[in-house]
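K.L.:
Could you work out the structure for the sequence below:
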Amino acid sequence: MREQVDLHRAINAVSDVVQNRPRPLRDFDQIHMKTGDMVVQSELVADWADKKRLAFIGDGDAISVCVAYLMARQVLSFGPSKITVFDFDERTVNAVKRFADRERLEHLDAELYNCLDAFPDRTKYDLFYTNPPWGASNNGESVNVFVERGIEAVRYEGEGMIVIADDDELDWPKQVLASVQAFSLERGFYVSRMQRKLHEYHLDDAPELRSCNLFVNSLPKNGERYKPSTATAVERLENFYGKLQAPKVKFVRERKRPDYGKASDDEYELELLERQGD
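P.N.:
This next block holds a predicted model:
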């Protein structure tokens with residue numbers, strides 16, 4: 001049985017990560033999870049991935065950094081032995097690298113990668129984690145593209161945690177869940193458990209929408225299905241980021257600036273005090 005986590009220290013540590021995280025780009029379905037849920041999610045991921053090699057297929061929330069940082073701060077005494085983040089947003093990749101370098105998180109790294117390309121040939125991971133675009137307009141195909149890269153990261157033999165919309169009042173999340181479960185099963189992965197309605201987001205047009213953790217495990221000897229990765233077929237990209245929004249961007253590039261963590265000059269202006277006698 002795990003020891004009880006010191007919530008005060010955990011929240012403060014996650015707050016450090018949030019401060020370092022790039023702003024979300026809604027055009028690419030980057031929507032940040034609320035901070036309290038990030039604390040809970042980080043503990044769940046660390047427990048699930050204890051002593052395992054974990055690949056993040058995209059990570060705009062920075063859960064990867066939270067897990068590594070909570071371990072380094074000894075808030076958590078368990079967690080993955082290695083974390084690699086694969087993301088097409090250079091701001092996210094560099095933010096992970098800067099934070100890992102500053103806090104000396106030697107088992108955390110990040111790599112610029114677009115999941116529409118073939119997955120790079122890397123040492124096999126044990127687990128994958130993804131919180132992808134939720135595929136509301138393409139019956140979950142957006143999710144399936146990310147899940148496929150995760151399955152390739154573990155070479156068809158391992159486990160995955162998929163963060164996906166979960167709402168009993170809407171039809172599309174049910175259709176997406178069914179699509180992702182069918183897609184996973186076709187590749188030899190079955191649903192082993194599900195943690196429902198676990199997370200909330202800073203989502204102005206749907207504040208009540210929540211997501212779940214969907215866990216998938218490979219069937220015995222599923223590694224025999226392994227085959228080299230290929231680029232995603234064009235016909236799977238329709239409505240990828242929403243209705244009539246197919247992917248057009250290979251990478252989001254970061255504009256260099258020397259004051260990371262500080263407010264940019266274009267965010268504000270100064271109105272000076274009126275001094276008596278002027």
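K.L.:
Chain neighbours aside, what residue packs nearest to Glu3?
P.N.:
Nearest residue to Glu3, sequence neighbours excluded (Cβ to Cβ, 6 or more residues apart in numbering): Ser77, at 6.8 Å. For every residue, glycine as well, the C-beta is placed using N, CA and C.
K.L.:
whoops, Ala246 was the one
P.N.:
Leu237 (4.9 Å).
K.L.:
and what of Asp27?
P.N.:
Tyr241 (6.6 Å).
K.L.:
pLDDT averaged over stretch 200-210, what's the number?
P.N.:
The average of the pLDDT scores along stretch 200-210 is 90.
K.L.:
Next: stretch 3-23.
P.N.:
pLDDT averaged over stretch 3-23 gives 93.
K.L.:
can you give me the strands for the stretch 1-150 of the chain?
P.N.:
53-57, 82-87, 108-112, 127-130 (DSSP state E, counting those that start in this stretch).
K.L.:
Mean neighbour count, these: which tops it?
P.N.:
For the strands of the stretch 1-150 of the chain, the largest average neighbour count (mean count of other Cβ atoms under 10 Å) is found in strand 53-57, namely a mean of 27.
K.L.:
That one pairs with which strands, and in what direction?
P.N.:
The strands that strand 53-57 pairs with in its sheet are strand 82-87 (parallel), strand 127-130 (parallel) (by DSSP bridges).
K.L.:
Show me the helices in the stretch 151-278 of the chain, by range?
P.N.:
Ranges of helices in the stretch 151-278 of the chain, per DSSP state H, counting those that start in this stretch, are 172-186.
K.L.:
Quick one: the strands in it, in order.
P.N.:
Going by DSSP E, counting those that start in this stretch, the stretch 151-278 of the chain shows strands at 159-165, 189-199, 211-218.
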